[in-house]
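Engineer: how would this look folded up:
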Amino acid sequence: MQHELRRLILRRTRVALCLGIATVTTFVIANHASSPGPPRWTDVLNLVTLLLIGIAFAASKVPFVERRPIPFALLIFAVGCSLRSLSGIWHGDVVPTALLLGGLTLVTAATIPWGLFAQMTIALVAGGAIGLNSYLVLGNFGPPPWQPAVSVALMLVASVVVAVELHRHRIQMLVDNLRRREAEASLADLNAELEQRVIQRTAELATTTQRLEREFQEHQAAVAQLRESERRLQEVLDHALAAIYLRDAEGRYLLINRRWEEVAGRPAAEVVGKKIDDIMPAELAEVLIAHDREVLVSGKSLLFEEVAPLEDGLHTYISVKFPQFDSDGQPVGVWGISTDITEQKHAEERARQHQAELAHVLRLSTMGEMAAGLAHEINQPLGAVTNYARGSVRRLRDRSMSSAELLPVMEAIAREALRAGDIIRRVRDLVRKEATEQAAVDLNALVRDAARFVDGEAHHSAIGVQLVLAPALPPVVCNGVQIEQVMLNLLRNATEAVQASGGNSVTVTTAASRGDTVEVTVCDDGVGLPESSADVFAPFYSTKATGLGMGLSISRSIIEAHRGQLWATRNADRGSTFHFTLPVGDAGDGAEHSAPPAMRAASRA
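Structural biologist: Numbering: from 1, shown residues only. Presented below is the predicted three-dimensional model:
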């Protein structure tokens with residue numbers, strides 16, 4: 001504010017100097033016009049005044065003066081008053097000098113905002129100049145002596161009052177102007193800042209708009225890709241030969257493929273959104289729900305065999321089921337892929353029947369080959385019965401045997417008869433068409449029964465059949481007749497190999513193997529296996545002139561049907577060893593394996 005005030009005082013001072021030049025020039029012209037020959041000193045004084053005004057005007061441009069405008073203005077006013085007083089004294093003027101200096105004081109008070117003290121100084125200077133002019137021209141202050149002084153004093157006081165009031169008003173105006181300028185500057189800054197922010201926000205909005213457009217395009221592309229992926233997935237699902245479906249944790253269908261619709265005879269619109277028990281029969285729905293619950297609890301893929309009633313009868317399906325997880329890794333649904341294996345099951349059943357028939361034919365063939373040995377084995381107890389009976393009859397006729405002596409003979413007859421009956425029973429059990437049921441049996445007992453069939457032939461050929469049976473052997477799940485047939489076939493092959501090589505021993509061993517299976521080995525010191533490239537288990541492969549070549553092949557099929565393995569190895573010294581394994585189990589396992597597929601699926605669930 002002080003800076004603005006100094007500039008204003010300096011500017012008004014320059015205006016006053018310009019007015020001074022104009023006034024002096026006017027007086028010179030007026031003097032020369034009114035009186036043809038004014039005194040020379042008047043022109044000199046006016047010239048000096050103009051020169052001083054010019055010097056003052058030039059000095060107002062000096063930075064030192066610009067920083068101190070009030071003393072400079074006071075000095076100019078004092079010089080001007082002095083020159084006017086001197087001019088009035090030389091001209092003998094009093095009233096013009098008083099009027100000019102009083103008016104100049106009032107004009108100064110009204111135009112130059114330099115405050116109370118500067119204006120009082122001007123008033124004192126002007127008063128002094130007027131008084132000096134009046135005194136030197138008139139010799140006093142004029143008649144009456146108090147009137148000029150009072151007039152001048154009132155004029156000077158008025159100038160001071162006007163100066164004070166105008167100074168206050170100007171100061172207030174300056175303050176208001178400065179505040180207005182500051183406000184305008186602040187408003188301009190705010191406008192500039194606002195414009196900058198608008199520009200920045202516009203740029204940000206433009207960038208955001210571009211990013212949103214790009215994201216929208218990417219989203220549209222992603223949606224298009226997702227739809228294309230869904231279309232491809234649906235095409236894959238619809239062209240799959242298996243029934244594929246997705247159910248949530250509550251058993252509600254979320255997705256089915258075309259094959260599922262064809263099998264069930266229902267469109268997807270009637271199935272999606274409904275639960276299993278709304279669509280399937282109660283018994284099947286219970287099994288399927290149990291399977292889904294098992295998959296959700298385990299959190300992994302599981303395999304089930306399921307039976308579903310369709311219009312053309314019961315169909316068996318192999319279903320691979322695995323959980324659907326959410327973003328947190330929690331199972332929320334179950335995927336299922338069900339493949340119809342009904343024809344395969346029928347083919348397997350026909351194959352089992354065919355295998356059973358082949359095995360039966362092989363057993364009949366084996367019994368035919370063993371007929372002589374069996375007849376000899378049966379003739380032994382029958383001959384003993386005949387001899388005991390004849391001897392008893394002869395002694396009874398001679399009355400040489402008492403009842404007490406007859407009792408041991410009758411007991412011996414009964415034992416031999418039972419022995420012959422046991423042989424016939426074992427032959428009958430072996431050659432009859434066995435049922436397909438499997439049960440938990442004692443494998444050691446099966447080995448003993450099979451060994452009895454070859455005891456006679458082995459004894460006749462001086463071959464020792466040794467049984468090394470593990471005690472407390474766990475039961476195995478099998479068809480006893482078929483496993484006994486396998487044992488008999490391996491024992492006969494062993495005894496024949498021993499006979500051909502001149503050996504003398506066959507050893508049968510049973511033992512638990514790997515915790516969940518039982519292993520049986522038949523070791524002989526016979527001719528051994530043929531060359532390594534030959535497959536002794538191939539159908540119709542035989543080293544005997546009259547052999548069918550089906551014994552080992554059927555034996556392997558039987559063992560593999562029981563989820564076991566049959567293989568052969570060469571002995572280190574001579575002979576060969578045949579091995580087979582069977583899974584251990586109990587009666588419950590046997591019941592499960594012999595049950596229909598629907599019951600097996602339900603029991604596993």
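Engineer: Domain map for this protein?
Structural biologist: Residue ranges for the domains of the chain, per automatic domain parsing: 2-186, 240-340, 343-433, 437-605.
Engineer: now those domains as CSV including distance to His219 and mean neighbour count?
Structural biologist: C-beta here means a position set from N, CA and C on the backbone, and glycine is covered the same way. Below are the domains of the chain laid out as CSV (distance: least, Cβ to Cβ, whole Å; neighbours: other Cβ atoms under 10 Å):
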stretch, distance to His219, mean neighbour count
domain 2-186, 46, 16
domain 240-340, 19, 16
domain 343-433, 48, 14
domain 437-605, 44, 18
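Engineer: Run the chain-centre distance for the longest helix anywhere in the chain.
Structural biologist: Counting residues, the longest helix in the chain under DSSP state H turns out to be helix 146-239. Relative to the mean C-alpha coordinate of its chain, helix 146-239 is positioned 46 Å out (Cα atoms, centre = their mean, to the nearest Å).
Engineer: Alpha carbons of the helix or strand just after it, in CSV - could you do that?
Structural biologist: As assigned by DSSP states H and E, the chain's next helix or strand after helix 146-239 is strand 243-248. What follows is strand 243-248, C-alpha atoms only, in CSV (Å, rounded to 0.1, in the frame of the first residue of the first chain):
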residue,chain,number,x,y,z
ALA,A,243,-23.6,-89.0,-20.3
ILE,A,244,-22.0,-85.9,-18.7
TYR,A,245,-23.7,-83.8,-16.0
LEU,A,246,-23.0,-81.3,-13.2
ARG,A,247,-24.9,-81.3,-9.9
ASP,A,248,-24.5,-78.9,-7.0
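Engineer: Pull up the gap between the residue nearest the centre of the chain and Leu233, please.
Structural biologist: With distances taken as Cα atoms, centre = their mean, the residue of the chain nearest its centroid is Ser327 (5.7 Å). Look at Ser327 and Leu233: by Cβ to Cβ, to the nearest Å, they are 20 Å apart.
Engineer: repeat for Gly551
Structural biologist: The value you get for Gly551 to Leu233, if Cβ to Cβ is used, is 53 Å.
Engineer: what do you get for Pro63?
Structural biologist: According to Cβ to Cβ, Pro63 and Leu233 sit 89 Å apart.
Engineer: Could you do Gln172 as well?
Structural biologist: As for Gln172, its distance to Leu233 is 85 Å (criterion: Cβ to Cβ).
Engineer: what's the strand ranked longest in the chain packed up against?
Structural biologist: Looking across the chain with DSSP state E, the single longest strand is strand 313-325. Where contact means 3 or more Cβ pairs under 8 Å, 6 or more residues apart in numbering; DSSP states H and E, strand 313-325 is packed against helix 282-298, strand 302-310, strand 331-340, helix 342-369.
Engineer: Distance to Glu270 and mean pLDDT added to these, as TSV?
Structural biologist: As requested, the helices and strands packed on strand 313-325 are exported to TSV (distance: least, Cβ to Cβ, whole Å; pLDDT from 0 to 100):
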stretch	distance to Glu270	mean pLDDT
helix 282-298	16	90
strand 302-310	17	88
strand 331-340	18	90
helix 342-369	24	65
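Engineer: show me the contacts for the spatially closest residue to Leu100 that is not a sequence neighbour.
Structural biologist: Nearest non-adjacent residue to Leu100, counting by Cβ to Cβ, 6 or more residues apart in numbering: Arg84, 6.0 Å away. Residues near Arg84 by Cβ atoms under 8 Å, 6 or more residues apart in numbering: 97, 100-101, 129.
Engineer: The residue nearest to the centre of the chain in helix, strand or coil?
Structural biologist: Judged by DSSP: H, G, I helix; E, B strand; the rest coil, the three-state class of Ser327 is coil.
Engineer: and the contacts of Arg84, which two are the farthest apart?
Structural biologist: Of all pairs drawn from the contacts of Arg84, the greatest distance, 10.0 Å, lies between Leu100 and Ala129 (Cβ to Cβ).
Engineer: with the contacts of Arg84 in mind, which one is nearest to Asn571?
Structural biologist: Set against Asn571, the nearest of the contacts of Arg84 by Cβ to Cβ is Leu101 (156.4 Å).
Engineer: State whether that closest one and Ala126 are indeed in contact, as I suppose.
Structural biologist: Yes: if you go by Cβ atoms under 8 Å, Leu101 and Ala126 touch, sitting 4.5 Å apart.
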